[in-house]
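Enquirer: Any chance you can model this:
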Amino acid sequence: MGAVTEDDRAPKQDRSRVTRQRLLEAAVACLAEHGWAGSTVSVVAERAGVSRGAAQHHFRTREELFTAAVEYVAEERSAALRGLFPEGAAAGADRTAVVAALVDLYTGPLFRAALQLWVAASNEAQLGPRVAELEARVGRETHRIAVELLGADESVAGVRETVQGLLDMARGLGLANLLTDDGARRKRVVVEWGRLVDEALR
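Expert: Presented below is the predicted three-dimensional model:
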């Protein structure tokens, strides 16, 4: 039997990376659609088109799979948000557009999946610490991106609270959107918050 070469290993690593990504994306979709109770490793594996054994090769526990999934998509969304404003505040990004983009972070499948994790974490001792740490990390990163895109100077009194208030508002709009399509009202709120934030950060 011949030695394993770098060329042999690369495709295997690529396949492993693709499988992991499919599992993460499937986990978020399942969590958003079926909630924690209906999202098992087997359900996710079937949706991803892989065996349960392959899923457990990448993620030893259900908790590990779902926290990794939400973290993965949060990172993807952060990258997408930065991509909307590649030059940040330096390019004179319209603050209302930035506010709208931040609000959008809380109205899609990621937020629904994260909310399911929060609810589960309140009842699952093993999940609680993982989700609390994940939420703190995602929150810090979102705040950092918001400050950057808005061109906010947090050394000025009240600016940090203004940015945090914006993110809290965005999360609240995301919660309202879970029950009913809140698009029309959300647009009006975004315009007003864009104006308020612009005034506060001058």
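Enquirer: Can you tell me the centre-most residue of this protein?
Expert: residue 74 (2.5 Å; Cα atoms, centre = their mean).
Enquirer: got the contact list for that one?
Expert: By Cβ atoms under 8 Å, 6 or more residues apart in numbering, the contact set of residue 74 is 110, 114, 138, 141. Yep, even glycine has a C-beta here, placed from its N, CA and C like the rest.
Enquirer: Name the nearest residue to the first one, ignoring sequence neighbours.
Expert: I take that to be residue 110. Spatially, and ignoring its direct neighbours in sequence, residue 110 is nearest to residue 73 (4.8 Å; Cβ to Cβ, 6 or more residues apart in numbering).
Enquirer: in which helix or strand would I find the one you found?
Expert: Using DSSP states H and E, residue 73 sits in helix 62-84.
Enquirer: likewise residue 11?
Expert: helix 6-34.
Enquirer: from the chain's centre, how far out does that helix sit?
Expert: On the basis of Cα atoms, centre = their mean, to the nearest Å, helix 6-34 is displaced by 17 Å from the centre of the chain it belongs to.
Enquirer: let's have the chain start at 11 instead
Expert: Okay, using 11 as the starting number, the last item reads as helix 16-44.
Enquirer: Sort out which residues of it are buried, please.
Expert: 29-30, 32-42 (16 or more other Cβ atoms under 10 Å).
Enquirer: if we take those residues, which one ends up nearest to residue 52?
Expert: residue 40 (10.5 Å; Cβ to Cβ).
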